[in-house]
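> Sequence below, structure please.
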Amino acid sequence: MKNSILYLLLLLALPVSAQMGSHLKEEFQNPEKHGIRIVDSVSGIRGVIHDLETKILCLQSFGEQLPPEVQQELLEWVRLGHTVWFYDVRMAPGFGMREYRLDSEQFRNKAEKGVLGGSKRSGLATVALSFGQHAVQTGVGQVTLFLPEIPSEADGVSYGALEVAGDTVALLQFALDSPALVALRREGRGLIVFKALLWTEPLSGDRFQANLLDYSAGFQVPGPAGEGRVGAPPGPGAEFVVGSPAEPLQAQAIGSEATSQGVEAVPPQAPRAGPSLGGWRLELKDGTVLIGELEDSIFQFETGTGSLKLKPADIVSVKFGNSRELDHVTTTKGKTEAGLMLSSPVKFRTDQGTEKFEKEDLETLERNSGDVLPVER
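Below is the predicted model:
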């Protein structure tokens, strides 16, 4: 870190370099192909990820927490081959990354203001370097960044960065051994990016931003001189990556905490049913089994290649996933599809009436074979 301070001092004093030439700009995708949607509040996440045109969710929320159910739904959406950019390092553990707080004395900087999440924020401008060989770093040298202030009553003001740990790939740093100011990790078929705001005109900012946009939207990046294509980008057809997150993802963290505190697992409960068996068997994650009827007429299921609208008559079973696994639906045609069940909550009718169940509370849904007897009340 100390060795980088002098170098950064020199960089901040350099004149800006020329922007990309027109011939290189022509090698990148047209903006309408990026499918990027900017959201400045967690309340807007679900509406955006249910839009089939969205490829990149640019989450500029700052100072908010992600509810666990939204966090899980967002991770499942990413695993289908989509990309999320987030800017608040306090969200990093929920995306499998480890936050690192910087003090202003640790790096060369200049006081600046920037707009994030629809609000003007105080922060620092600095210069970061590209050291690695990732496709997004192609043709990138230095980039000017804006780091917003993170206030804390306990620690005072700090600035967000990431430890380069687990499968986190650093894209921009102060030095080879310093935390990352911009980084990414693959999750499933998708991509998670921690990003600082940047200025595109100075230094290599325009090239870096163009690389990141194309790659995040599922396109290879133009080569160093604009010739050829490099990288294995995310997307519905990409290889499914089982990552090594630096921080346990949501479902793992909850389970580990419960175990460490000696909380006993909830034993499976006896099935609940009416006087006569229903056509469906619904198992909850706590072990409860319900026998009854589906009230939903249509279930929407998104796969890596398209969207399915299934009637109950088309379904044999559904295995609901978790923070690390996709949902799986088996149809009456004998085909099993992996993807994301978008229909939630599920409405299920028993003799006690109709109940609504959020997807994250469900284990399996399957046609009732008739071997589970109703419980006498």
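
> For the rest of this, base every contact and every neighbour count on C-alpha atoms.
Fine.

> ok, the residue nearest to Thr54 when sequence neighbours are not counted - contacts?
Nearest residue to Thr54, sequence neighbours excluded (Cα to Cα, 6 or more residues apart in numbering): Gly35, at 4.8 Å. By Cα atoms under 8 Å, 6 or more residues apart in numbering, the contact set of Gly35 is Glu53, Thr54, Lys55, Ile56, Ala217.

> State the distance from Gly35 to Phe301.
20 Å (Cα to Cα, to the nearest Å).

> ok, what's across the strand from Gly292?
Beta-bridge pairing for Gly292 (DSSP bridges): Trp280.

> Show me which helix or strand of this structure is least confident by mean pLDDT.
Every helix and strand in the chain was compared by mean pLDDT, DSSP states H and E; the lowest is helix 250-260, with a mean of 36.

> Would you agree Ala175 is in contact with Val127?
No. Under the criterion of Cα atoms under 8 Å, Ala175 is not in contact with Val127, lying 10.9 Å apart.

> So which of those two has more stuff around it?
When Ala175 and Val127 are compared for neighbours, Val127 comes out ahead with 26 against 19, by other Cα atoms under 10 Å.

> check contacts around the nearest residue to the more buried one once chain neighbours are set aside.
Closest residue to Val127 apart from its sequence neighbours, by Cα to Cα, 6+ apart: Thr144 at 4.5 Å. Contacts for Thr144 (Cα under 8 Å, 6+ apart) come out as Ala125, Thr126, Val127, Ala128, Leu198, Trp199, Thr200, Pro202, Leu203, Gly205.

> ok, now how distant is the third one from Leu212?
With distances taken as Cα to Cα, Val127 is found 18 Å from Leu212.

> same thing with the first one?
If you measure Ala125 against Leu212 using Cα to Cα, the figure is 20 Å.

> Over to the fourth one?
Here Ala128 is placed at a distance of 16 Å from Leu212 (Cα to Cα).

> Have a look at these two and say which one is more surrounded.
Counted by other Cα under 10 Å, Ala128 and Leu212 do not tie: Ala128 has more neighbours, with 22 against 17.

> and the gap between the more buried one and Ser344?
As for Ala128, its distance to Ser344 is 43 Å (criterion: Cα to Cα).

> Identify all contacting residues around the host helix or strand of Leu213.
Remark: Leu213 resides in helix 205-216, with elements defined by DSSP states H and E. By Cα under 8 Å, 6+ apart, the surrounding residues in contact with helix 205-216 are 19-20, 28-29, 34, 55-56, 82-83, 135-140, 142-144, 191, 198-200, 220-222, 231, 233-234.

> What is the subsequent helix or strand relative to that helix?
Once the chain leaves helix 205-216, the next helix or strand it forms, by DSSP H and E, is strand 221-222.

> Point out where the stretch 151-300 of the chain drops to low pLDDT.
Scanning the stretch 151-300 of the chain for pLDDT under 70 picks out 250-278.

> What segments of it are strands?
Assigned strands in the stretch 151-300 of the chain, in chain order: 158-162, 169-173, 180-187, 190-194, 197-199, 221-222, 229-230, 280-284, 289-294, 299-303 (criterion: DSSP state E, counting those that start in this stretch).

> For the third one, buried residues please.
So the one you mean is strand 180-187. For strand 180-187, a neighbour-count test (16 or more other Cα atoms under 10 Å) marks Ala180, Leu181, Val182, Ala183, Leu184, Arg185, Arg186, Glu187 as buried.

> Relative to Thr126, how far out is the residue lying closest to Ser130 once chain neighbours are set aside?
Nearest residue to Ser130, sequence neighbours excluded (Cα to Cα, 6+ apart): Leu172, at 4.9 Å. Per Cα to Cα, Leu172 is found 11 Å from Thr126.
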